[in-house]
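Chemist: this is a predicted model, with the sequence first.
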Amino acid sequence: MAPSLAPELARGAVGRRSEREIVPLDPACGFRWYVHDYPTPLARWNHHPEFELHLILRGTGTTLVGDYAGRFVAGHVALIGPNLPHDWVSDLAPGEQLKDRDVVFQFDGEHLRRGFAQLPGLDELEALLRDAARGIEFRGTTAKIAASELLAVGHTQGLERLQHLCALLAALARAPAADRVSLASPIFAAAGEADFEPVVRYILDNIDRELHLTDAARLCGLSETSFSRTFKRMAGCNFVEFIRKLRVAHACRLLRQSEWPVSDICYEVGFGNLSNFNRQFRVEMGVSPTVYRRAAIQAQPAKKHR
């Protein structure tokens with residue numbers, strides 16, 4: 001994916017820019033493995049060109065990946081692709097801290113490819129790395145195996161470490177469909193195509209205004225029919241549906257993190273009237289904006305009395 005496009009696309013969905021993290025990879029092996037507490041300066045809305053495999057050891061909270069927001073519990077395992085913004089926000093009262101909340105494994109995709117170039121099974125690995133462009137959450141048996149092997153990678157050396165690394169990658173690459181969930185919208189995997197980038201930027205730059213399929217098609221040099229067909233293939237939904245998803249994702253953030261009236265949020269994210277906003281929000285979220293906000297507030301941890 002183009003280095004700057006995924007962060008910009010995520011910013012359009014969640015309303016804030018992700019920070020570029022500098023990842024100090026070990027030059028001998030091309031990866032970094034570490035454990036950290038929460039909160040910490042390391043845990044923030046960020047992106048980087050390296051792949052990241054993330055394991056939550058303890059606690060509950062919210063997973064943010066691209067335009068995706070969902071819940072996590074202990075044992076959560078996710079693979080994040082290059083430059084895809086991500087964060088894990090724990091349910092903590094002010095002043096609370098979780099010791100050793102996360103195990104993080106960051107690696108250079110090209111270094112890994114070169115290391116496995118002469119070995120069988122490279123096609124499986126390529127498919128895994130390609131799918132990580134949207135972020136993948138692993139569940140069930142796959143998550144348990146991955147967690148065990150990921151911990152072993154950090155606690156071993158030499159051939160034993162290589163053995164656990166291969167077992168880890170094999171478990172992820174061969175995960176059954178029931179054990180893997182793509183997180184960010186399909187557009188995050190598709191938008192790296194150079195001809196498509198101007199359309200994504202057009203949507204992001206005008207998300208709070210009226211958007212026209214005719215203008216988007218012109219940016220690609222396609223007829224409206226060809227553009228519509230291509231857009232749906234690449235994004236997994238049609239042009240109107242994608243804009244709705246992006247606007248509703250932005251609205252969800254504002255409902256969770258601000259005290260703005262629902263009517264103000266409606267216009268801030270680009271809907272022309274409140275009734276249409278309520279209707280489109282229900283299509284995506286299954287509830288009204290008011291019910292969504294109430295549930296989000298109730299899910300927040302109670303403040304401790306001192």
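Modeler: Received the coordinates, thanks. Numbers count the residues shown, from 1 in each chain.
Chemist: quick one: low-confidence parts of the chain?
Modeler: Applying pLDDT under 70 to the chain flags residues 1-5, 12-15, 27-28, 120-121, 190-197, 234-236, 299-306.
Chemist: partners of the strand of greatest length in it, with directions?
Modeler: Longest strand in the chain by number of residues, with DSSP state E as the criterion: strand 98-107. If you go by DSSP bridges, strand 98-107 pairs up with strand 31-38 (antiparallel), strand 51-56 (antiparallel).
Chemist: residue 64: what's it in contact with?
Modeler: Counting by Cβ atoms under 8 Å, 6 or more residues apart in numbering, residue 64 touches 14, 45, 85, 86, 87, 88, 89. In this view, the C-beta of every residue, glycine as well, is placed from N, C-alpha and C.
Chemist: neighbouring strands - and their directions - for the host helix or strand of it?
Modeler: Taking DSSP states H and E as the criterion, residue 64 maps to strand 61-65. Counting by DSSP bridges, the strands paired with strand 61-65 are strand 68-72 (antiparallel), strand 86-90 (antiparallel).
Chemist: so which residues of this protein form helices?
Modeler: 5-14, 109-116, 122-131, 140-155, 158-173, 187-190, 197-205, 213-220, 224-235, 239-257, 262-268, 274-285, 289-299 (DSSP state H).
Chemist: which other residues reach the fourth one?
Modeler: Counting by Cβ under 8 Å, 6+ apart, the neighbours of helix 140-155 from elsewhere in the structure are 33-35, 53, 55, 75-77, 103, 105, 138, 161, 164-165, 167-168, 171-172, 175-176, 178-180.
Chemist: buried ones among those residues?
Modeler: 33, 53, 55, 76-77, 103, 105, 138, 161, 164-165, 167-168, 171-172, 175, 179-180 (16 or more other Cβ atoms under 10 Å).
Chemist: what sits against residue 82?
Modeler: So residue 82 contacts 1, 6, 48, 49, 50, 51, 109, 133 (Cβ under 8 Å, 6+ apart).
Chemist: swap in 10 Å and give it another go.
Modeler: Neighbouring residues of residue 82 by Cβ atoms under 10 Å, 6 or more residues apart in numbering: 1, 3, 6, 47-52, 108-109, 129, 132-133, 192.
Chemist: before we move on, what about residue 70?
Modeler: Counting by Cβ under 10 Å, 6+ apart, residue 70 has contacts 62, 63, 64, 76, 137, 181, 183.
Chemist: domain parsing for this protein?
Modeler: In terms of domains, the chain is parsed into 5-182, 193-299 (source: automatic domain parsing).
Chemist: so residue 61 sits against residue 72, correct?
Modeler: Yes: Residue 61 is within contact range of residue 72, at 5.7 Å (criterion: Cβ atoms under 10 Å).
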